[in-house]
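1. Requesting a structural model of the entry that follows:
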Amino acid sequence: MPFTVLHVCMGNICRSPMAERLLVLTAAQRLGKLDPDAELDDLLRSVSAGTGGWHEGEEMNPPAARQITLRGGSTDGFLARKLTSAQLDEADLILTATADQSDYVHALLPGADGRTFVLGHLARLLRDLESGSLPPAGTDPETFTARAAAVVAAAARLRAETEPQPGDDLDDPWGRGDQTFQRIGDTIEEALYPLVDALLPGAPRPA
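-> The predicted structure is shown next:
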């Protein structure tokens with residue numbers, strides 16, 4: 001199975017689906033610069049779910065969907081899901097929108113602690129990561145997965161030295177206008193760049 005990143009927010013119609021699809025977009029753009037023949041689906045799986053279940057089966061909130069399509073991504077096939085322990089169990093990296101949602105994950109599956117991070121906190125940790133200590137990067141599945149697992153383990157070690165901060169949390173844009181969704185989309189995108197930089201180094205960020 002490809003390296004699986006699970007994004008978690010409350011309703012799974014705004015923040016976590018934006019993160020799910022923006023990670024796919026950003027990683028695909030990077031992979032295209034490194035190895036146009038490689039298939040992202042062979043390397044990375046990006047999915048999402050919500051701690052609340054009241055939007056299960058719904059499409060992405062329209063202003064969130066607009067942010068994805070405006071940036072060149074796809075919203076095809078998205079339906080909101082309720083977070084389950086099975087989803088957590090199969091995820092290699094769990095990224096939550098807020099610290100409260102990380103606490104929910106820990107309560108649901110205590111064994112997931114080492115691979116669960118608030119997205120904004122992970123971004124700060126990875127900016128301090130010494131990439132020379134990681135396995136070589138590559139675009140074949142085995143090499144990619146080994147490096148991705150090492151990135152998560154390194155971030156977990158760094159976390160002991162750097163506490164989460166309130167500013168790491170993503171504001172909930174539900175019920176607010178396109179300007180707020182654009183700001184949250186920008187924040188998510190910027191937070192994902194350090195992850196993509198760590199997983200697939202060696203090419204410029206997309207313009």
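
2. quick check, distance from the longest helix seen in the chain to the centre of its chain.
-> As assigned by DSSP state H, the longest helix anywhere in the chain is helix 178-199. How far helix 178-199 lies from its chain's middle: 9 Å, per C-alpha atoms, centre = their mean, to the nearest Å.

3. now for that helix, which elements pack on it?
-> helix 15-34, helix 62-70, helix 119-127, helix 141-159 (3 or more C-beta pairs under 8 Å, 6 or more residues apart in numbering; DSSP states H and E). In this view, the C-beta of every residue, glycine as well, is placed from N, C-alpha and C.

4. F3: which of the ones you listed is closest?
-> Minimum separation from F3 across those (C-beta to C-beta) falls at helix 141-159, 4.3 Å.

5. Going by neighbour count, which residues of that closest one are buried?
-> 141, 144-149, 151-152, 154-156, 158-159 (16 or more other C-beta atoms under 10 Å).

6. Closest one to H7 out of the residues you listed, please.
-> Closest to H7 out of the buried residues of helix 141-159 is V152 (14.6 Å), distances taken as C-beta to C-beta.

7. The closest one touches D113, doesn't it?
-> No. V152 lies out of contact with D113 (C-beta atoms under 8 Å); the separation is 11.8 Å.

8. for the residue of the chain positioned farthest from its centre, helix, strand, or coil?
-> Residue farthest from the centre of the chain, counting by C-alpha atoms, centre = their mean, is D37 at 23.7 Å. When classified by DSSP: H, G, I helix; E, B strand; the rest coil, D37 comes out as coil.

9. Many thanks, I have nothing further to ask.
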